[in-house]
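# Fold the following for me, if possible:
(one chain, ligands or ions: 1)
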Amino acid sequence: MARPVKPKLVRESPKADYFKPRGIPMSELEETVISMEEVEALRLVDLERLYQEDAAREMGVSRQTLQRLLTEARAKVADALMEGKALRIEGGNYILREGAGRWRCGRCGDELPTPPGRRGRGWKCPFCDNP
Ligand SMILES: [Zn+2]
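A predicted model of the protein is given here:
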């Protein structure tokens, strides 16, 4: 049985969730799907220039998990750029900060009544968390 995946903390969501190369009709367009967590790893390491260790702490994941998210994200972005694919940012298991003091679970969509609680290395949503 697969180990349950703990939600990752995402502090900022991208301003757009779809990127499409110019001049390619939708019918011929190939799509790459990148998760919110993968984009957050990119943001923290490549944009905010955090050390991977600090980025991992921010998201509440292990260093290995952060490394995996980052490698996936970079490969997907590079593939989309080189192959002229569209990029769709979608899905994953995360808790998103929606503004000052507001958090929403990316899995169940519920707004959290309080800031997400920390448990061990991960974060949890009170609505869809398994004890
Ligand atoms: Zn939830």
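# Just say helix, strand or coil for the most centrally placed residue in the chain.
Averaging the C-alpha coordinates of the chain gives a centre point, and the residue nearest to it by CA atoms, centre = their mean is residue 37 (1.5 Å). Secondary structure state of residue 37, per DSSP: H, G, I helix; E, B strand; the rest coil, is helix.
# Would you confirm that it contacts residue 90?
No - the pair residue 37 / residue 90 is not scored as a contact, 11.3 Å apart, by CB atoms under 8 Å. Bear in mind the C-beta positions are built from the backbone N, C-alpha and C, glycine included.
# tally of neighbours for residue 76?
Other residues within reach of residue 76 by the criterion other CB atoms under 10 Å amount to 19.
# meant to ask about residue 128, not that
13.
# secondary structure element for it?
Under the criterion of DSSP states H and E, residue 128 resides outside all helices and strands.
# can you point me to the longest helix in the chain?
Selection of the longest helix in the chain by residue count, based on DSSP state H, yields helix 63-83.
# who does that helix touch, helix- and strand-wise?
strand 31-34, helix 36-42, helix 52-59, strand 86-89 (3 or more CB pairs under 8 Å, 6 or more residues apart in numbering; DSSP states H and E).
# Name the residues of that helix that are buried.
65-67, 69-70, 72-73, 76-77, 80 (16 or more other CB atoms under 10 Å).
# thinking again about what came up before, and among the helices and strands packed on helix 63-83, the most buried is which?
Counting by mean count of other CB atoms under 10 Å, helix 36-42 has the highest mean neighbour count of those, with a mean of 25.
# Give me the distance from that one to the chain's centre.
Helix 36-42 has its C-alpha centroid displaced from the chain centroid by 4 Å (CA atoms, centre = their mean, to the nearest Å).
# State the mean pLDDT of it.
What helix 36-42 shows for mean pLDDT is 96.
# I'd like to know which elements that helix is packed against.
Based on contacts counted as 3+ CB pairs under 8 Å, 6+ apart, the elements that helix 36-42 packs against are strand 8-10, helix 52-59, helix 63-83, strand 94-99.
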